[in-house]
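[1] Build me a model:
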Amino acid sequence: MELLNIKYNKYTLQNGMNIILYQDKSLPLVSVNIWYKVGSGNETEGKTGLAHLFEHMMFQGSENVPKEMHFRFIQEVGGSLNGSTNTDRTNYYEKVPSNYLELVLWLESDRMGYLLPALTEEKLKNQIDVVTNERLERYENQPYGLAWEIISSNLYSKGHPYSWPTIGFMQDINYKLDEVKKFFRTYYSPSNASIVIAGDFESSKVINLVEKYFGEISSDSTPSLPTFNNVTLEKNILLERKENVQLARIYFAWHSESAFGKYDASLEVLADILSGSKNSRLYKNLVFEKELAQDVTAYQNSGKYGGSFIIIATAKPGVELETLKVEIFKELKNVESKGASDKELLKSKNGIKSGFIHSLQNIDSLANQLNYYSFYLDEPNSFTYDLKRYEDTISALITEAVKKYLTKPYVELRIMPDRSS
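    Numbers count the residues shown, from 1 in each chain. Okay, the predicted model is just below:
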């Protein structure tokens with residue numbers, strides 16, 4: 001496990017911004033990864049999608065960087081960049097040849113400290129149109145595209161931070177400039193951000209550069225965290241929907257562990273045992289042996305304020321969704337009573353470990369992982385701890401997880417072909 005013992009330097013600027021430095025001189029590259037502690041879970045009803053909107057707005061120029069030049073500056077020096085939003089955080093990241101690190105720090109600091117002077121009605125309207133089209137393309141006009149939105153709004157109680165989609169509800173994507181500016185002031189200050197710089201650099205020089213570009217940016221007060229009641233389902237919820245799709249599909253969603261909870265890793269191992277390979281239980285049974293399903297997927301989805309365990313199966317033509325349901329629950333009952341075999345556990349753990357270590361060969365992934373651990377565990381060097389959760393998963397833990405979560409009420413969504421047209 002020595003390979004996973006990452007030596008880093010973490011400190012905090014006077015304005016509250018967390019800095020994490022990881023030096024690796026094996027390649028002349030450097031990755032800059034910023035996490036803002038704001039995701040769709042920090043929004044409120046009627047104003048959903050603002051965090052995702054800023055994933056777009058942050059590339060529309062700031063006081064000293066013209067519109068769309070952030071992309072061009074990075075790409076013209078041979079670098080790559082992007083951003084992403086989920087329920088808990090928004091991140092922005094660049095990878096460049098190491099001699100261009102200062103360029104990245106200047107670009108990131110300018111949009112952190114000086115975005116609002118360049119934020120205009122015209123830019124906002126343009127990006128509202130972009131997000132609206134993105135939603136139409138990925139949700140309304142995509143086969144099964146509204147499934148997760150329907151499930152989450154029924155799995156979580158009204159007002160829960162996970163009860164709406166990250167992109168926002170369509171009716172909410174019509175923001176006013178003042179509320180957009182207020183959202184930025186609330187969440188995009190240095191005290192609500194963490195920056196990882198990983199790769200080929202000289203520590204003393206980078207410390208000076210970070211202070212130069214970020215040290216003078218002021219922070220507003222730290223935003224409050226979302227508040228909500230504990231969520232449970234009192235009974236099963238069955239939802240049926242007809243769409244312009246070729247094949248019927250069934251979804252099941254249960255409440256489960258939040259990120260790094262006691263059974264979080266066990267549920268991930270269970271998901272892999274159920275559907276992670278062609279020899280996994282549900283895949284082998286439904287797709288290969290009985291030829292009832294076109295595909296089947298299980299996964300554990302965990303965040304800061306809760307988690308969900310999901311199973312999805314697409315029926316082959318002529319197969320009733322009820323038939324798939326019976327087979328899926330038969331397998332869950334089997335796991336509940338008999339657990340997982342040593343062979344299944346070993347295969348799953350080896351696969352998870354291999355994929356985990358392989359991902360860390362990429363400096364971008366490693367930088368993001370440092371921020372991930374810092375956010376959820378307050379310890380960037382949690383690689384060994386994280387992997388040990390899977391190593392320590394035994395059959396009894398999986399059985400306990402199934403009994404605790406997957407025997408409880410669930411949301412069931414059935415999407416069937418609309419034959420009326």
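[2] And the next helix or strand past the helix or strand that contains residue 336?
    Counting by DSSP states H and E, the element that carries residue 336 is helix 321-338. Counting by DSSP H and E, the next helix or strand C-terminal to helix 321-338 is helix 342-359.
[3] For that next one, C-alpha coordinates in PDB please.
    Extracted in PDB, the C-alpha atoms of helix 342-359 (Å, rounded to 0.1, in the frame of the first residue of the first chain):
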ATOM      1  CA  ASP A 342     -15.200 -16.000  -1.500                       C
ATOM      2  CA  LYS A 343     -14.600 -16.200  -5.300                       C
ATOM      3  CA  GLU A 344     -17.100 -13.400  -6.000                       C
ATOM      4  CA  LEU A 345     -15.600 -11.200  -3.300                       C
ATOM      5  CA  LEU A 346     -12.000 -11.700  -4.500                       C
ATOM      6  CA  LYS A 347     -12.900 -11.000  -8.100                       C
ATOM      7  CA  SER A 348     -14.800  -7.900  -7.300                       C
ATOM      8  CA  LYS A 349     -12.100  -6.500  -4.900                       C
ATOM      9  CA  ASN A 350      -9.300  -7.200  -7.400                       C
ATOM     10  CA  GLY A 351     -11.300  -5.400 -10.200                       C
ATOM     11  CA  ILE A 352     -12.000  -2.400  -8.000                       C
ATOM     12  CA  LYS A 353      -8.400  -2.200  -6.800                       C
ATOM     13  CA  SER A 354      -7.000  -2.500 -10.300                       C
ATOM     14  CA  GLY A 355      -9.300   0.200 -11.700                       C
ATOM     15  CA  PHE A 356      -8.600   2.400  -8.700                       C
ATOM     16  CA  ILE A 357      -4.800   2.200  -9.100                       C
ATOM     17  CA  HIS A 358      -4.900   2.500 -12.900                       C
ATOM     18  CA  SER A 359      -6.900   5.700 -12.600                       C
END
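[4] helices or strands up against that helix?
    Helix 342-359 makes packing contacts with helix 264-275, helix 383-391 when contacts are defined by 3 or more CB pairs under 8 Å, 6 or more residues apart in numbering; DSSP states H and E. No exception for glycine: its C-beta is placed from N, CA and C like everyone else's.
[5] Show me the contact partners of the helix or strand just after that helix.
    Downstream of helix 342-359, the next assigned helix or strand under DSSP H and E is helix 363-377. When contacts are defined by CB atoms under 8 Å, 6 or more residues apart in numbering, helix 363-377 is touched by residues 6, 8, 10, 18, 20, 22, 24, 27, 29-35, 37, 80, 88-89, 91, 93, 95, 194, 196-199, 259-260, 304, 359-360, 379-383, 385-386.
[6] what do you get if the cut-off is 6 Å, keeping everything else the same?
    Contacts with helix 363-377, where a contact means CB atoms under 6 Å, 6 or more residues apart in numbering, come from 20, 29, 31, 33, 35, 95, 194, 196, 198-199, 259-260, 359-360, 380, 382.
[7] Run the chain-centre distance for that helix.
    12 Å (CA atoms, centre = their mean, to the nearest Å).
[8] Mind checking the pLDDT average for that helix?
    With pLDDT averaged residue by residue, helix 363-377 scores 97.
[9] Good, we can wrap up now.
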